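Novice: here are the coordinates; sequence isn't available:
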Ligand SMILES: [Zn+2]
């Protein structure tokens with residue numbers, strides 16, 4: 001990776017703030033059928049499969 005490539009990547013803190021602000025308190029049924037509540041300490045963890053379409057499942061159903 002070149003220095004100019006590297007400069008295009010933002011800090012993980014930027015992603016964390018986007019997710020926290022956007023998702024806090026929201027509830028979803030995931031692609032695996034399980035449920036998640038964001039910002040809840042007992043909530044499921046999620047795995048996001050990247051690609052043209054995102055597939056989002058709980059960590060229990062991850063492979
Ligand atoms: Zn699941």
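Specialist: Perfect, I can see it now. All figures in this text were calculated on a predicted structure; none of them were measured in a lab.
Novice: where are the low-confidence patches of this structure?
Specialist: Within the chain, the segments meeting pLDDT under 70 span 63.
Novice: spatially central, which residue of it would that be?
Specialist: Centroid-nearest residue in the chain: residue 48, 5.8 Å away (criterion: CA atoms, centre = their mean).
Novice: buried residues in the longest helix seen in the chain?
Specialist: In the chain, taking DSSP state H as the definition, the longest helix is helix 12-23. The neighbour-count check on helix 12-23 (16 or more other CB atoms under 10 Å) flags nothing as buried. In this view, the C-beta of every residue, glycine as well, is placed from N, C-alpha and C.
Novice: and it, how far out from the chain's middle?
Specialist: Here helix 12-23 is found 9 Å from its chain centre; the criterion is CA atoms, centre = their mean, to the nearest Å.
Novice: any residues of this protein in contact with the ion? List them.
Specialist: Selection of the chain residues close to the ion by CB under 5 Å from the ion yields 32, 34, 58, 61.
Novice: what sits closest to the second one if chain neighbours are left out?
Specialist: With CB to CB, 6 or more residues apart in numbering as the measure, residue 58 is the residue that lies nearest to residue 34, at 4.4 Å, once sequence neighbours are left out.
Novice: what does the helix or strand encompassing residue 48 contact?
Specialist: In this structure, residue 48 is located in strand 46-49 according to DSSP states H and E. Applying CB atoms under 8 Å, 6 or more residues apart in numbering, the contact partners of strand 46-49 are 30, 36, 54-59, 61-62.
Novice: neighbour count and secondary structure added to the residues you listed, as JSON lines?
Specialist: Listed next are those as JSON lines, based on neighbours: other CB atoms under 10 Å; DSSP: H, G, I helix; E, B strand; the rest coil:
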{"residue": "30", "neighbour count": "16", "secondary structure": "coil"}
{"residue": "36", "neighbour count": "19", "secondary structure": "strand"}
{"residue": "54", "neighbour count": "9", "secondary structure": "coil"}
{"residue": "55", "neighbour count": "12", "secondary structure": "strand"}
{"residue": "56", "neighbour count": "13", "secondary structure": "strand"}
{"residue": "57", "neighbour count": "19", "secondary structure": "strand"}
{"residue": "58", "neighbour count": "18", "secondary structure": "strand"}
{"residue": "59", "neighbour count": "12", "secondary structure": "helix"}
{"residue": "61", "neighbour count": "14", "secondary structure": "helix"}
{"residue": "62", "neighbour count": "12", "secondary structure": "coil"}
